[in-house]
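Engineer: Mind folding the following:
(2 chains)
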Amino acid sequence: MSMAPEHAPTMARLSLAQRLAPWMPVLLVPLLVVAGLLAIPNTSSWLTLTVSGLAMGMMIFLMASGLTLVFGLMDVINFGHGAFVSVGAFVGVSVLLMLGGMTGAPSLALNLAAMGLAVIGAMLATGAMGWAFEKVIVKPVYGHHLKQILVTMGGLIVVEQLIIVLWGPEEIYISRPEALKGAITFAGAALEKYRLVAVGLGLVVFAAMRWTLRRTKIGLIVRAGVENGEMVQALGYRLRLVFVGVFIAGSALAGLGGVMWGLYQEVVSAHMGNQAMILIFIVVIIGGLGSVEGCFIGALLVGLMQNYVAFLEPKVALISNIGLMVAILMWRPMGMIPVVKAK
Amino acid sequence: MINAVLSGDMPRSRVLALILGLILICLALAPFLFPGVRTVDTAARICVFIVLVASYDLLLGYGGIVSFAHTMFFGIGAYGVALALTHMGRGFDAIIVGASSGALLAAVLAFVIGLFSLRVRAIFFAMITLAVASAVAVLVSQLSGLTGGEDGLTFQTPRALGPAFKFGDELFGVKLNGKLLSYYVVFLGSLVLFLLMLRVVNSPFGRVLQAIRENDFRAEAIGYRVVYYRVAATCLSAAVAALAGSLYAIWLRYVGPDTTLSMEIMIDILLMVVIGGMGTMYGAVIGATLLVLAQNYLQNLMGVAASLVEGVPVLPQLLDADRWLLWLGVLFILSVYFFPTGVVGRLRRG
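Structural biologist: Numbers count the residues shown, from 1 in each chain, chains lettered A, B, ... in the order given. Down below sits the predicted model:
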């Protein structure tokens, strides 16, 4: 008979690295900001870049959050998500062009009201479109990834072409509302007002989303559905309805992101959704498919990275995001905050 | 004999065999049957796209992997030949160097992307390839010093493949010049590559791929390393796509982002695979032929239809020849729903 193995329990505290490991994704954002500060000699341009990076990140988050939730909840991958971005941008811009009197006036209240109307219009349109998209295009191909990718890609093509039919093939140029033009100077750095608004809006939406997911009944059902859908159904909740709701909400958020993105670039084209899709996918992958927090962090990382690198080395900026994605996937192959499924 | 050439994968339908035979004869004798710059150009385009679509079918139809970077590999092959011919002079050695280095680069790139994405989830691959392909497309248009940017590169192919080279007088009223030779280089190259793909999918390797497509978990349990097979299929398909790109560059004597790298071509490839029939190789032939012909000739018909309904609101815009993609998109969605096996599957069943 062999001896029992020596048992020598140690009471040592976890090392700092071990305690930090779960927080690493969250810490990456400040780390990147500090790295930017070290790399960029001029503090005021660093501040400008940081704000615009955060603004870009927030807008990408708005567009990407719906996609990641839909995937987490129903295992549906929607390649047509970019269509909502384009439609949102076009509807929003049309509303703003109609309200020319309100956007042209130098009053902040009137401008914000016009923006609000544009955003509501865009969200209603993309929400309704999301409902139809789910019904017509996604529903028949549940549980079949290959067909989902193909069919939703087809949906994207059709919507893109319909936009051209309705709004014409030309790009539409739009200027921001009067009070949101220009920049304010803070500590010697010029901060564009519109970007500050975008950062604020992004934070509000993220907070609202987190609150809904963590503090409400419906959020509980959604989170439980992501983790174990069958069990939620067995408990008597109609997960399909929840899913349709999430799909509509995600589409509406993409529409909101589309309006913001269109005004950010001051031009909208039918292909903008397609271009946004690329950033959205990168963000969703590095965040971990299905995770809202991961998506938020990923979006900020991508936005900051793009702005810093574009300042330091414009030619490399194109592939900087791909590089970021590769680095993160080498570190965590499932993304920063992988969603654990109880299956 | 035919059985050996087709690797034992017969059309298995009389109508299908008839159509395939007809396409083969038309393509083989295209310069004689349909003399004319535009028709021969269409025939060459069909040849190249058959190979390109077949290589995509290896990935999508047999491997069950969706890639959006296939035009990137196609472009790498085309630019490889273009750059070699620009910098090494107009010789056949330049073509060989360009095509082989293009194919090699495409395979290496596919290997890297595959390792990154396929080891986790197959759907990562679709997203990552989309991102990488668009980055490469932007990169190509930015590096104008090397690639000619948006304008692309115009270059000279070997003298023997140009219209100025004559090796006889006339045969059945067709001038025997280098352009004819060039067509046959493209045709024979495509034929060989297509038969090679047919060989691959009917080999044990192809069987394993199909098994993985049907149930990757079970394939892994039987003892096949799923990731290895998927990555190998990706590399092979990328290399063949690059070779197809080389053939296209030789034929056009021009490469540019629009002809080789654009998203439109990617969508065309997807449509061809799905409409022809996924996982059947012969579907690539049918799909490519149908779509290229339709693009060249049916688009005009749409213009006629649009002018007929002039005055009715919205309808003319919907039928405009530029809205061609709209109807293809609808057709695409409908065919994924109702005819997932495409034309070939239909013909084989009925």
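Engineer: after the helix or strand bottoming out on mean pLDDT in chain B, next one along is what?
Structural biologist: Ranked by mean pLDDT, DSSP states H and E, the helix or strand of chain B with the weakest confidence is helix B:315-319, at a mean of 69. The first helix or strand that comes after helix B:315-319 along the chain, using DSSP states H and E, is helix B:324-338.
Engineer: helices and strands around that following helix, which ones?
Structural biologist: helix A:145-167, helix B:263-276, helix B:299-308 (3 or more Cβ pairs under 8 Å, 6 or more residues apart in numbering or on different chains; DSSP states H and E). Heads up, the C-betas are built off the backbone N, CA and C, glycines and all.
Engineer: Of all those helices, which one comes closest to A:Cys295?
Structural biologist: Closest to A:Cys295 of the helices and strands packed on helix B:324-338 is helix A:145-167 (Cβ to Cβ; 18.7 Å).
Engineer: Now do that closest one: distance to the chain's middle.
Structural biologist: The gap between where helix A:145-167 is centred and where its chain is centred comes out at 20 Å by Cα atoms, centre = their mean, to the nearest Å.
Engineer: List the contacts of the spatially closest residue to A:Gly250 that is not a sequence neighbour.
Structural biologist: If the residues on either side of it in the chain are set aside, A:Gly250 comes closest to A:Gly66, at 2.0 Å by Cβ to Cβ, 6 or more residues apart in numbering or on different chains. By Cβ atoms under 8 Å, 6 or more residues apart in numbering or on different chains, the contact list for A:Gly66 reads A:His81, A:Phe84, A:Val246, A:Phe247, A:Ala249, A:Gly250, A:Ser251, A:Ala252, A:Leu253, A:Ala254.
Engineer: Assumed B:Lys175 was part of a strand.
Structural biologist: Yes - assessed with DSSP: H, G, I helix; E, B strand; the rest coil, B:Lys175 lies in a strand.
Engineer: I'd like to know how many residues surround it.
Structural biologist: Neighbour count of B:Lys175, defined by other Cβ atoms under 10 Å in any protein chain shown: 14.
Engineer: quick one on the thing from earlier: how near is the residue nearest to A:Gly250 to A:Tyr264?
Structural biologist: Plainly put, A:Gly66 is 19 Å away from A:Tyr264 if you go by Cβ to Cβ, to the nearest Å.
Engineer: hang on, the earlier thing: rank the helices and strands packed on helix B:324-338 by pLDDT, which is bottom?
Structural biologist: Sorting those by mean pLDDT places helix B:299-308 lowest, at a mean of 73.
Engineer: okay, the angle between that one and helix B:324-338?
Structural biologist: Interaxial angle of helix B:299-308 relative to helix B:324-338 (axes from the mean of the first three to the mean of the last three Cα atoms, to 10 degrees): 110 degrees.
Engineer: next one: helix B:299-308 to chain centre, how far?
Structural biologist: 28 Å.
Engineer: right, and A:Val339 touches A:Gly287 too?
Structural biologist: No - using Cβ atoms under 8 Å, A:Val339 is not in contact with A:Gly287, being 9.8 Å away.
Engineer: Looking at those two, which one has more neighbours?
Structural biologist: Using other Cβ under 10 Å as the criterion, A:Val339 and A:Gly287 rank with A:Gly287 on top: 30 against 18.
Engineer: tell me the pLDDT at that one?
Structural biologist: For A:Gly287, pLDDT reads 89.
Engineer: Identify the residues contacting it.
Structural biologist: A:Ala64, A:Thr68, A:Glu293, A:Gly294, A:Cys295, A:Phe296, A:Ile297, A:Gly298, A:Ala299, A:Gly335, A:Met336, A:Ile337.
Engineer: For it, which non-adjacent residue is closest in space?
Structural biologist: Nearest one to A:Gly287, counting by Cβ to Cβ, 6+ apart, is A:Gly294 at 3.1 Å.
Engineer: Next, count neighbours for the one you found.
Structural biologist: Residues near A:Gly294, counting by other Cβ under 10 Å: 25.
Engineer: Could you tell me how far it is located from chain B?
Structural biologist: 14 Å (Cβ to the nearest Cβ, to the nearest Å).
Engineer: got TSV for the helices and strands packed on helix B:324-338, with distance to B:Glu170 and mean neighbour count too?
Structural biologist: Putting the helices and strands packed on helix B:324-338 into TSV (distance: least, Cβ to Cβ, whole Å; neighbours: other Cβ atoms under 10 Å in any protein chain shown) gives the following:
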stretch	distance to B:Glu170	mean neighbour count
helix A:145-167	46	22
helix B:263-276	35	23
helix B:299-308	31	13
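Engineer: Tell me which of the ones you listed lies nearest to B:Thr341.
Structural biologist: Per Cβ to Cβ, nearest to B:Thr341 of these: helix B:263-276, 9.8 Å.
Engineer: what about A:Ser291, distance to chain B?
Structural biologist: Taking Cβ to the nearest Cβ, one finds A:Ser291 at 14 Å from chain B.
Engineer: Ok, A:Gly82 next?
Structural biologist: In terms of Cβ to the nearest Cβ, A:Gly82 sits 10 Å off from chain B.
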